[in-house]
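Visitor: Fold the following and give me the result.
(chains A and B)
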Amino acid sequence: MVAVLAKVFGTENLQVAEDVVQDTLLQAMEIWKLKGAPDNPSAWLYRVAKNKAIDILRRNKFSVQYDFSDNDRILLQSEYTMSTVMENLWKEEMVQDDLLRMMFACCHPDISEENQITLILKTLCGFSTAEIARSFLTTEDTISKRLYRTKEFFRERKIRPEFPPTDHLKSRANAVLRTIYLIFNEGYNSTHTDVMIRKDLLEQAMYLCDQLCSNVHTRLPEVYAAMALMCFHAARIDSRMGGEGEIILLPKQDRSKWNTQLICDGSAYLDKAAIGSEVSSYHIEAAIAFEHCAAPRFGDTNWAHILVLYTWLDAIAPSTIVQLNRLTVIGKVHGNEAVLQEIEQSARIPEWEKHFLYHSILGEIYSSTDKEKALLCYEKAVQLTQSISEKKLLRKKIAMLGTMTK
Amino acid sequence: MFLFRGGDAHAPGQSPEVQQAHMQLWMQWMGGLAQSGKLIGAQPLAQTGKILTGTKKVVTDGPFMEGKEMVGGYLMCKADTYDEAVEVAKGCPILVFEDGKVEVREMQEIKM
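Guide: Below is the predicted model:
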């Protein structure tokens, strides 16, 4: 609903749109409690929101805060046409795409990534400023300032929620996808809070990606691939965390807790992604995730194939994380010596050393040959990570060093 | 500036379907103007009002709807020529009524 109202009031007045939605939902709660829910709840909500919006429009026809100069919006200013336009805006076929249009507005290339995320979480996912602040370990004040600046940006540049022109569609859709995936990652592997997995963020990200999948203009191969990837990750969340919030890694995860329906869904999306001539990093990551999901037991995992995939991924989208993960896989396929050799030959050590995973990997390797070295590595890793769950895991490994028989 | 007179568009006795159909006419007429960027604004006017007269600023009730000369609403638009404005005015929905009138007035410059 916020998306439709953003069209009515203009993106610079997003706050008004959110207020209307909030008031409508509150009204629904109060009235439905007494009278019971109506037969068609969404129609009821639309009607009430629409009428509230008309009231606001009427009071603000000539207010400086609202810009009616667009050819499309000028008809909202005249009593002769206001109601008819509103009726049309709220029709089912129109409303469906509004969420997507709003996503494109939020992911405008001139908005910084963190502002994009903040905006999407606030306006499309209904998060409060406080919740967003908590997700990113910052203050409500900072978030409010970000939202304010973005609102001014919308006003100055007259950004409208709409699909980008066809020649920009692919790159803009990819920007939206990147933001969605960042939200997913924050939910899957939250480094900011002490709760590692945030199911609400995962659900929101998957819901938004599903919107992209459902629209003929935006269902690019990489969109399907990203959706597959998210399905495969989400399928395993119940097995990733122990009772006390500690991380359970892949080798020890209870695979009976994996959501087979999601894995099936992911496979279907992966099939759909096999179109076109370009392979995106999402495709490869999804393929890797699929290998893990397809193995009935950890021991059955096809590490050789995963190594091929990681090498490929490093070629098209190199990053420290990818390279470090690849090192782990080399260990599985060729043994620890091979990993040490690979490290020795690599020019990337300075980058790797900044990351806790590097030291964790080294610690793992040395734990059977040189306990003092292993201890140093693990302690370095603890220093470098901010995630409380990761720290717990590393400290457990340190403790195990002490109890290992010589 | 178009001034509208007459017409029973907002008469309460009419069924919702008839009213809606009539509003569609407004949508079509004004929509076209909006698309070509020529619409400036349009509003209906309330049916009661007061009149102030002369230096003493005497206030009386009026004008009254029954006079059929009461202005019911206005529309402002751009036109390249007066004749073009008249052509546009022909599309006004108030003219589906026999007593509907559209007064077409060009805005006047005041040269000082």
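Visitor: so what pLDDT did residue B:11 get?
Guide: Residue B:11 is assigned a predicted lDDT (pLDDT) of 61.
Visitor: brain fart, residue A:377
Guide: Among the per-residue scores, residue A:377 holds a pLDDT of 91.
Visitor: cool, and residue A:102?
Guide: We have a pLDDT of 91 for residue A:102.
Visitor: helix or strand for the residue lying closest to it once chain neighbours are set aside, which one?
Guide: Setting aside the residues directly before and after it, residue A:102 is nearest to residue A:3 in space (Cβ to Cβ, 6 or more residues apart in numbering or on different chains), at 3.9 Å. Every residue, glycine included, has its C-beta placed from N, CA and C. Using DSSP states H and E, residue A:3 falls within helix A:2-9.
Visitor: Report the buried residues of the helix or strand just after that helix.
Guide: Following helix A:2-9 in sequence order, the next helix or strand is helix A:14-35 (DSSP H and E). Neighbour-count burial for helix A:14-35 flags A:14, A:16, A:17, A:18, A:20, A:21, A:24, A:28 (criterion: 16 or more other Cβ atoms under 10 Å in any protein chain shown).
Visitor: neighbours of the closest residue to residue A:98 other than its chain neighbours, just the number please.
Guide: Using Cβ to Cβ, 6+ apart and skipping the chain neighbours, the partner closest in space to residue A:98 is residue A:3 (3.7 Å). Applying other Cβ atoms under 10 Å in any protein chain shown, we find 22 residues neighbouring residue A:3.
Visitor: likewise residue A:224?
Guide: Look at residue A:224: counted by other Cβ under 10 Å, it has 24 neighbours.
Visitor: Next: residue A:159.
Guide: 20.
Visitor: Just the closest of the buried residues of helix A:14-35 to residue A:72, please.
Guide: residue A:17 (16.3 Å; Cβ to Cβ).
Visitor: what about the closest residue to that closest one other than its chain neighbours, distance to residue A:52?
Guide: Distance criterion Cβ to Cβ, 6+ apart; nearest residue to residue A:17, sequence neighbours excluded, is residue A:5 at 3.5 Å. To residue A:52, residue A:5 is 9 Å away according to Cβ to Cβ, to the nearest Å.
Visitor: which residues are common contacts for those two?
Guide: Contact criterion Cβ atoms under 8 Å, 6 or more residues apart in numbering or on different chains; residues bridging residue A:5 and residue A:52 by contacting each: residue A:20.
Visitor: Quick one: neighbours of residue A:167, just the number.
Guide: Neighbour tally, residue A:167, other Cβ under 10 Å: 7.
Visitor: Sorry, slip of the keys, the one I care about is residue A:76.
Guide: For residue A:76, using other Cβ under 10 Å, the count is 23.
Visitor: Now do the same contact list for it.
Guide: By Cβ under 8 Å, 6+ apart, the residues touching residue A:76 are A:8, A:57, A:68, A:82, A:85, A:86.
Visitor: ok, 6 Å please
Guide: A:57, A:82, A:85 (Cβ atoms under 6 Å, 6 or more residues apart in numbering or on different chains).
Visitor: For chain B, see how far away it is.
Guide: Remark: distance between residue A:76 and chain B (Cβ to the nearest Cβ, to the nearest Å) = 10 Å.
Visitor: What about residue B:30, how many residues nearby?
Guide: Using other Cβ under 10 Å as the criterion, residue B:30 is surrounded by 25 other residues.
Visitor: mind checking how far it is from chain A?
Guide: Between residue B:30 and chain A the distance is 5 Å, computed by Cβ to the nearest Cβ.
Visitor: Same question for residue B:4.
Guide: For residue B:4, the distance to chain A - Cβ to the nearest Cβ - is 10 Å.
Visitor: On the three-state scheme, that residue is what?
Guide: strand (DSSP: H, G, I helix; E, B strand; the rest coil).
Visitor: wait, it sits on residue B:73?
Guide: Yes - using Cβ atoms under 6 Å, residue B:4 is in contact with residue B:73, at 4.6 Å.
Visitor: what residue ranges in the chain are flagged as low confidence?
Guide: Since no chain was named, I'll use chain A. Applying pLDDT under 70 to chain A flags residues A:190-196, A:245, A:404-406.
Visitor: I was after chain B.
Guide: Those would be B:8-13, B:65-68, if you go by pLDDT under 70 across chain B.
Visitor: Would you mind listing what in chain B touches chain A?
Guide: B:23, B:26, B:27, B:30, B:34, B:35, B:37, B:39, B:42, B:43, B:44 (Cβ under 6 Å from any Cβ of the partner chain).
Visitor: From residue B:2, how far out is the fifth one?
Guide: Relative to residue B:2, residue B:34 is positioned 15 Å away (criterion: Cβ to Cβ).
Visitor: Can you report how many residues lie near residue B:24?
Guide: 14.
Visitor: Wait, a helix at it?
Guide: Yes - judged by three-state DSSP, residue B:24 forms part of a helix.
Visitor: Identify the residue nearest it in space, chain neighbours excluded?
Guide: residue A:84 (6.7 Å).
Visitor: The strand or helix carrying residue A:205 packs against which elements?
Guide: Using DSSP H and E, the element containing residue A:205 is helix A:199-214. Packing partners of helix A:199-214 (3 or more Cβ pairs under 6 Å, 6 or more residues apart in numbering or on different chains; DSSP states H and E): helix A:166-188, helix A:221-235.
Visitor: And the next helix or strand past the shortest one?
Guide: The helix or strand immediately downstream of helix A:221-235 is helix A:237-240, counting by DSSP H and E.
Visitor: Which positions in that next one come out as buried?
Guide: Applying 16+ other Cβ under 10 Å to helix A:237-240 flags A:237, A:239, A:240 as buried.
Visitor: one step back: if I look at the residue nearest to residue A:17, how far off is residue A:305?
Guide: From residue A:5 to residue A:305 the distance is 49 Å (Cβ to Cβ).
Visitor: Of the two, which one has the most company?
Guide: Shown here are residue A:5 and residue A:305; by other Cβ under 10 Å, residue A:5 has more neighbours (28 against 14).
Visitor: Correct me if wrong: that one contacts residue A:15.
Guide: No - counting by Cβ under 6 Å, residue A:15 is not a contact partner of residue A:5; they are 10.6 Å apart.
Visitor: Count the residues that sit near the closest residue to residue A:358 other than its chain neighbours.
Guide: Take residue A:358 and drop its neighbours on the chain: the residue closest to it by Cβ to Cβ, 6+ apart is residue A:352, 4.2 Å away. Residues within reach of residue A:352, counting by other Cβ under 10 Å, total 18.
Visitor: so residue A:352 touches residue A:360, yeah?
Guide: No - look at residue A:352 against residue A:360 with Cβ under 6 Å: they stay out of range, at 11.3 Å.
Visitor: Closest residue of the stretch 301-406 of chain A to chain B?
Guide: Per Cβ to the nearest Cβ, residue A:317 is where the stretch 301-406 of chain A lies closest to chain B, at 44.9 Å.
Visitor: neighbours around that residue, how many?
Guide: Using other Cβ under 10 Å, the number of residues around residue A:317 comes to 13.
Visitor: now swap in residue A:286 and tell me
Guide: Count around residue A:286 with other Cβ under 10 Å applied: 28.
Visitor: Please, where are all the helices along chain B?
Guide: All helices of chain B, identified by DSSP state H, fall at B:16-35, B:82-89.
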